[in-house]
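>>> my questions are about this predicted structure, shown below with the sequence.
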Amino acid sequence: MTRTPVNVTVTGAAGQIGYALLFRIASGQLLGPDVPVALRLLEIPQGLKAAEGTAMELDDCAFPLLRGIDISDDPNVAFEGANVALLVGARPRTKGMERGDLLEANGGIFKPQGKAINDHAADDIKVLVVGNPANTNALIAQAAAPDVPAERFTAMTRLDHNRALSQLAKKTGVQVSEIKKLTIWGNHSATQYPDVFHAEVAGKNAAEVVNDEQWLADTFIPTVAKRGAAIIEARGASSAASAANAAIDHVHTWVNGTDTGDWTSAGVVSDGSYGVPEGLISSFPVTAKDGRFEIVQGLDINEFSRTRIDTSVQELEEEREAVRGLGLI
Ligand SMILES: NC(=O)C1=CN([C@@H]2O[C@H](COP(=O)(O)OP(=O)(O)OC[C@H]3O[C@@H](n4cnc5c(N)ncnc54)[C@H](O)[C@@H]3O)[C@@H](O)[C@H]2O)C=CC1
Ligand SMILES: O=C([O-])CC(=O)C(=O)O
């Protein structure tokens with residue numbers, strides 16, 4: 001195989017999502033079975049030793065597609081020549097921390113990383129922000145990278161999308177593969193809105209198949225939106241393998257495209273579609289083609305959906321105002 005390896009930078013490489021993610025990237029599941037990859041792992045100094053241990057294990061897998069592993073605690077080194085960047089490492093909320101403190105702490109991570117991407121990444125860089133609060137962290141990184149097209153910064157809502165697919169499949173008694181055109185709107189937070197009104201279940205309108213608005217409002221939406229908290233409660237740790245899986249799905253779709261007649265959900269920069277203020281990184285229904293996400297246009301938004309989309313978008317606006325106030329964007 002003579003193809004030049006694709007440089008994939010992963011931050012927070014020694015964390016639990018990193019551990020579930022790196023082996024799948026190296027095995028070819030991120031970009032495809034014939035695309036060699038070179039991994040660049042970014043950690044904070046305290047995480048370097050564990051990242052080295054993971055790199056030893058990656059070596060021990062003898063993945064034919066893996067063309068190198070570099071580890072650094074310097075963003076300027078880790079993003080050098082990066083074609084794909086998965087920004088996983090973030091500052092978790094700790095006891096007594098207000099949302100403003102969390103945004104500020106993450107600003108200290110995502111602003112310099114955005115600048116390092118701006119200054120060192122390859123021209124075709126694609127960025128997925130996983131670390132929470134993902135949408136606003138993506139906005140901070142994007143603002144620090146004025147030379148990179150804004151649409152290259154995305155935030156992960158694919159885990160929410162996959163959670164919604166699974167819940168709807170269970171309710172309607174079909175395989176997940178028979179569900180199409182589901183949408184997550186808004187923020188990757190408890191205000192997100194999983195929308196089935198345009199979705200199809202085995203070719204039929206999902207809302208009509210379910211035919212139970214109360215189930216949508218009282219069971220489906222809160223189950224999907226609060227699934228992260230339910231996993232933490234059950235596992236004693238946050239979603240890791242499913243988050244890594246969603247990151248793989250997001251980038252794979254971005255690079256390889258969506259299936260005809262279907263779409264997915266991703267946090268992408270708003271162009272004002274559906275009344276979402278321009279510039280916010282909000283989840284939308286998106287298709288992907290030729291390495292670009294496009295927001296699906298022309299969907300009718302009913303009253304039930306409108307109020308829920310607006311609530312989540314308002315939260316995104318408040319987060320944007322907060323980071324603006326902190327001078328982070
Ligand atoms: N968007 C989504 O759907 C989801 C997002 N998440 C978020 O993903 C993030 C990571 O989760 P886990 O891997 O479980 O956390 P973790 O705490 O196990 O790992 C985070 C890693 O990031 C590293 N790190 C911290 N600051 C860094 C920096 N400035 N540069 C490089 N590395 C840095 C830490 O040393 C640690 O190894 C969290 O913010 C979590 O809330 C988790 C699940 C789903
Ligand atoms: O809250 C967290 O850290 C985990 C998370 O985002 C999720 O599982 O959706």
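Okay, I see it. Numbering: from 1, shown residues only. Ligands and ions are numbered 1, 2, ... in the order given.
>>> not counting sequence-adjacent ones, nearest residue to the residue of the stretch 201-329 of the chain found nearest ligand 2?
In the stretch 201-329 of the chain, no residue comes nearer to ligand 2 than Gly228, which is 2.6 Å away by CB to the nearest ligand atom. In this view, the C-beta of every residue, glycine as well, is placed from N, C-alpha and C. Nearest in space to Gly228, with sequence neighbours left out and distances taken as CB to CB, 6 or more residues apart in numbering, is Ser239 at 5.9 Å.
>>> from ligand 1, how far off is that neighbour?
Separation of Ser239 from ligand 1 (CB to the nearest ligand atom, to the nearest Å): 5 Å.
>>> check Ser312 too.
14 Å.
>>> still on that earlier bit, confirm the residue nearest to Gly228 sits in a strand?
No - checked against DSSP: H, G, I helix; E, B strand; the rest coil, Ser239 lies outside a strand; its state is coil.
>>> tally of neighbours for it?
Using other CB atoms under 10 Å, the number of residues around Ser239 comes to 20.
>>> and if you look at Gly32?
Counted with other CB under 10 Å, the neighbours of Gly32 add up to 13.
>>> thought it was touching Thr253?
No - Gly32 sits out of contact with Thr253 when judged by CB atoms under 8 Å, with a separation of 11.9 Å.
>>> show me which residues of the stretch 101-250 of the chain sit near ligand 1.
Selection of the stretch 101-250 of the chain residues close to ligand 1 by CB under 6 Å from any ligand atom yields 109, 130-132, 134, 156, 159, 188, 238-240, 243.
>>> next, count neighbours for Ala82.
Each residue near Ala82 was counted by other CB under 10 Å, and the total is 25.
>>> same check, this time on the one 4 residues further on
Residues within reach of Leu86, counting by other CB under 10 Å, total 31.
>>> may I ask which helix or strand encompasses it?
Assigned by DSSP states H and E, Leu86 falls within strand 84-87.
>>> what residues does the stretch 1-150 of the chain put near ligand 2?
Asn132.
>>> once you drop chain neighbours, what's closest to the closest residue to ligand 2 within the stretch 1-150 of the chain?
The stretch 1-150 of the chain approaches ligand 2 most closely through Asn132 (5.2 Å), counting by CB to the nearest ligand atom. Spatially, and ignoring its direct neighbours in sequence, Asn132 is nearest to Ala90 (5.8 Å; CB to CB, 6+ apart).
>>> now Val127: phi and psi?
Note on Val127: its backbone torsions stand at phi -120, psi 130 [degrees, to the nearest 10].
>>> you'd agree it is up against Thr154?
Yes - the criterion here is CB under 8 Å, and Val127 meets it with Thr154 at 6.6 Å.
>>> can you list residues touching both of those two?
Shared contacts of Val127 and Thr154, defined by CB atoms under 8 Å, 6 or more residues apart in numbering, are found at Ala138.
>>> now for the residue nearest to Ala155 when sequence neighbours are not counted: which residues touch it?
For Ala155, ignoring the flanking residues on the chain, the nearest one in space by CB to CB, 6+ apart is Gly267 at 3.0 Å. Contact analysis of Gly267 by CB under 8 Å, 6+ apart lists 129, 134-135, 138, 154-157, 188, 281-283.
>>> where does the stretch 51-200 of the chain get nearest to ligand 1, which residue?
Distances between the stretch 51-200 of the chain and ligand 1 by CB to the nearest ligand atom are smallest at Gly89, namely 2.7 Å.
>>> now do the closest residue to that residue other than its chain neighbours, the pLDDT please.
Of all residues beyond its chain neighbours, the one nearest Gly89 is Gly12 (2.5 Å), with distances taken as CB to CB, 6+ apart. Here, the pLDDT recorded for Gly12 equals 98.
>>> packing partners for the longest strand along the chain?
Of all the elements of type strand in the chain, the one with the most residues (DSSP state E) is strand 281-289. Packed against strand 281-289, as judged by 3 or more CB pairs under 8 Å, 6 or more residues apart in numbering; DSSP states H and E, are the following elements: helix 134-143, strand 153-155, strand 183-185, helix 241-256, strand 264-269, strand 292-295, helix 303-325.
>>> tabulate those (JSON lines), appending distance to Gly68 and mean pLDDT.
JSON lines is the format used below for those (distance: least, CB to CB, whole Å; pLDDT from 0 to 100):
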{"stretch": "helix 134-143", "distance to Gly68": "25", "mean pLDDT": "98"}
{"stretch": "strand 153-155", "distance to Gly68": "25", "mean pLDDT": "99"}
{"stretch": "strand 183-185", "distance to Gly68": "35", "mean pLDDT": "99"}
{"stretch": "helix 241-256", "distance to Gly68": "19", "mean pLDDT": "98"}
{"stretch": "strand 264-269", "distance to Gly68": "29", "mean pLDDT": "99"}
{"stretch": "strand 292-295", "distance to Gly68": "28", "mean pLDDT": "98"}
{"stretch": "helix 303-325", "distance to Gly68": "35", "mean pLDDT": "97"}
